[in-house]
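**Q** need a structure here:
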Amino acid sequence: MILHEPAIISEDLLEKNFICDLDKCKGACCIEGDSGAPVTEQEITLLENEFDAIEPFLTEAGAKAIRKKGVYETDKRDGEKLTTCLPTGECNFAVREENGVLGCGIEKAWKAGKTTFRKPISCHLYPIRVKKVGEYEGLNYHKWNICKPACKLGDQHQVPVYQFLKEALVRKFGKKWYADLEEIAEAYYIQKKAGEF
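**A** Model (predicted):
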């Protein structure tokens, strides 16, 4: 692990390559899994306050479910707050594009200028998962079989996870933090090449 305050970063973010290949996976991360996307208290407030602006960009089933269940639910296992899902497992905010790829209704509303909220940071950061580790935020690479095409595409283009997620990492931690991360990564690669670890 690499300390880069306020985060502790898994070396996998520098070692593993990744580029989402939506033509292959069709946005499966919006439907697969056993729960919705993690959301913060601030994100819940934004979603609740801006739901009327976001709703026209959702599926009828998703909007109806949110009106009934709310924008989030609490995971009974660990108390984490998550977006609500349809019985099929699909996130209530997921929408299928014309090309068959699942996208985010929140992000569609954001692109249309209807909301100031882009989408949950946990979605924007995927495949990085953030967990509190003492006073730090632990950043780990989440390996999932549905992302094999993304790993393959990342390998073909030699794009490490942290570079693929530059925009999301800047959104979460700021430009200076990301610029410092690039320097940390460069030093890491030099040390690795020199056989220092």
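**Q** how would you label the residue nearest to T83 when sequence neighbours are not counted: helix, strand or coil?
**A** Among residues not flanking T83 along the chain, G36 sits closest, at 3.5 Å (CB to CB, 6 or more residues apart in numbering). Every residue, glycine included, has its C-beta placed from N, CA and C. Assigned by DSSP: H, G, I helix; E, B strand; the rest coil, the conformation of G36 is coil.
**Q** Might one say that G36 is in contact with K81?
**A** No. Counting by CB atoms under 8 Å, G36 does not reach K81; the two are 9.1 Å apart.
**Q** Quick check: neighbours shared by these two?
**A** In terms of CB atoms under 8 Å, 6 or more residues apart in numbering, G36 and K81 are both contacted by the residues Y72, E73.
**Q** more crowded one of these two?
**A** G36 (27 against 17; other CB atoms under 10 Å).
**Q** Determine the number of other residues adjacent to A150.
**A** 23.
**Q** Contact partners for it?
**A** F18, I19, C20, D21, K24, C25, P127.
**Q** Buried residues in stretch 70-77, which are they?
**A** V71, Y72, E73 (16 or more other CB atoms under 10 Å).
**Q** Outside of that stretch itself, list whatever touches it.
**A** 35-36, 39, 44, 47-48, 51, 80-84, 92.
**Q** In ChimeraX, how would I select just the buried ones from those?
**A** Of those, the buried ones can be selected in ChimeraX as follows, counting by 16+ other CB under 10 Å:
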select :35,36,39,44,47,51,80,81,82,83,84,92
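**Q** Show me the contacts of stretch 70-77 that map onto strands.
**A** K81, L82, T83 (DSSP state E).
**Q** And the closest residue to K143 other than its chain neighbours, what's its pLDDT?
**A** Among residues not flanking K143 along the chain, P127 sits closest, at 7.4 Å (CB to CB, 6+ apart). P127 carries a pLDDT value of 93.
**Q** State the distance from P127 to P56.
**A** Distance, P127 to P56, by CB to CB, to the nearest Å: 30 Å.
**Q** Sort out which residues of the longest helix along the chain are buried, please.
**A** When the chain is parsed with DSSP state H, its longest helix is helix 175-193. By 16+ other CB under 10 Å, the buried positions in helix 175-193 come out as Y178, L181, I184, A185, Y188.
**Q** element containing the nearest residue to D21 once chain neighbours are set aside?
**A** Nearest non-adjacent residue to D21, counting by CB to CB, 6+ apart: P149, 4.0 Å away. For P149, the host element (DSSP states H and E) is helix 148-157.
**Q** Flag the helix or strand of the chain with the lowest per-element mean pLDDT.
**A** Using mean pLDDT, DSSP states H and E, the weakest-scoring helix or strand in the chain turns out to be helix 22-25, at a mean of 80.
**Q** Identify each buried residue in that one, please.
**A** Applying 16+ other CB under 10 Å to helix 22-25 flags L22, C25 as buried.
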